[in-house]
Structure formats: C-alpha cells, structure tokens
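[1] turn this into a model:
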Amino acid sequence: QLQVVESGGGLVDPGGSLKLSCTTPGYNLKYYYIGWFRQAPGKEREKISCISNSGLYIDYADSVKGRFFVARDNAKNTVSLQMDNLKAEDTAVYYCAARRSYASSCPPKFDFWGQGTQVTVSS
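    As a prediction, this is how the structure comes out:
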C-alpha cells in the first residue's frame with residue numbers, strides 16, 4: 001500500500017512563506033501524479049495544485065495562483081509546495097495525494113492520501 005507523507009507545516013506571519021514536502025517512502029514517486037489539497041475548518045476540501053509525473057503539467061487554483069509553486073524532484077522522490085505571501089485565509093490542513101497515471105492532465109480522483117499537515121497564518 002502506497003504511503004504518502006507530508007511535512008513542513010507550521011505557524012507563519014501573514015506575508016510569510018512556508019515550504020511543504022510530499023514523499024512516498026518505498027515507492028518511486030515518478031509514476032504518480034501528485035495533488036495538493038487543503039481543508040479549512042467548516043469548509044470543503046479544495047484542490048490547490050496538481051503536478052504530473054513528469055512535471056510538465058502543472059495547474060493551480062485561482063486562490064493560490066502566483067503565490068504557490070509546486071515542483072518535483074523525482075531523483076529525491078519529493079514533491080514540494082512553496083507557499084509565498086501567505087494570508088490568513090490560507091490557514092488549513094494541507095494534504096498531499098497520489099494517483100498512478102500517465103494521462104496528459106490532472107486526474108479527477110486521487111487514490112492515496114497523506115495524513116495532512118497544519119498551516120496556520122496568523123500574527
């Protein structure tokens with residue numbers, strides 16, 4: 001069973017930055033699309049980014065476009081989410097998810113999910 005592990009959450013001031021990481025211990029990440037999601041208290045889960053297994057396809061939600069940047073290093077088996085100019089409304093639990101796919105765009109569903117990492121933006 002593929003395990004997905006996120007790390008890097010924490011408390012940051014508004015306008016600050018954080019970098020989240022996602023890895024799949026024991027499994028080669030290069031076969032998987034990776035999606036980043038978040039869920040704030042009382043709100044539905046939101047997909048914020050997706051990156052293809054090659055890294056050639058990337059998409060972002062409008063809410064984070066221009067502030068968040070996803071990248072992958074298949075040699076290090078890691079996908080990162082760089083979050084800049086953070087706002088209070090970015091406060092949420094952030095999840096990484098994986099799906100094995102060779103499609104040309106982000107899959108509609110992901111099969112394997114991490115436990116989530118809390119990001120809190122507050123002064």
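[2] and the nearest residue to residue 72 once chain neighbours are set aside, its phi and psi?
    In space, and not counting its chain neighbours, residue 72 is closest to residue 79: 4.4 Å by C-beta to C-beta, 6 or more residues apart in numbering. (C-beta placed from N, C-alpha, C; glycine too.) Torsion angles at residue 79 (phi, psi; degrees, to the nearest 10) stand at phi -120, psi 130.
[3] cool, residue 49 as well?
    When quoted as degrees, to the nearest 10, the phi and psi of residue 49 stand at phi -160, psi 160.
[4] what residues are up against it?
    Residue 49 sits next to 35, 36, 58, 59, 60, 61, 64, 68, 70, 81 when contact means C-beta atoms under 8 Å, 6 or more residues apart in numbering.
[5] so what's the residue most central in space within the chain scoring on pLDDT?
    By C-alpha atoms, centre = their mean, the chain has its centre lying nearest to residue 36, at 2.8 Å. pLDDT, residue 36: 98.
[6] cool, residue 22 as well?
    Listed pLDDT for residue 22 reads 97.
[7] over to it. Which of the three states is it?
    On the three-state scheme (DSSP: H, G, I helix; E, B strand; the rest coil), residue 22 is labelled strand.
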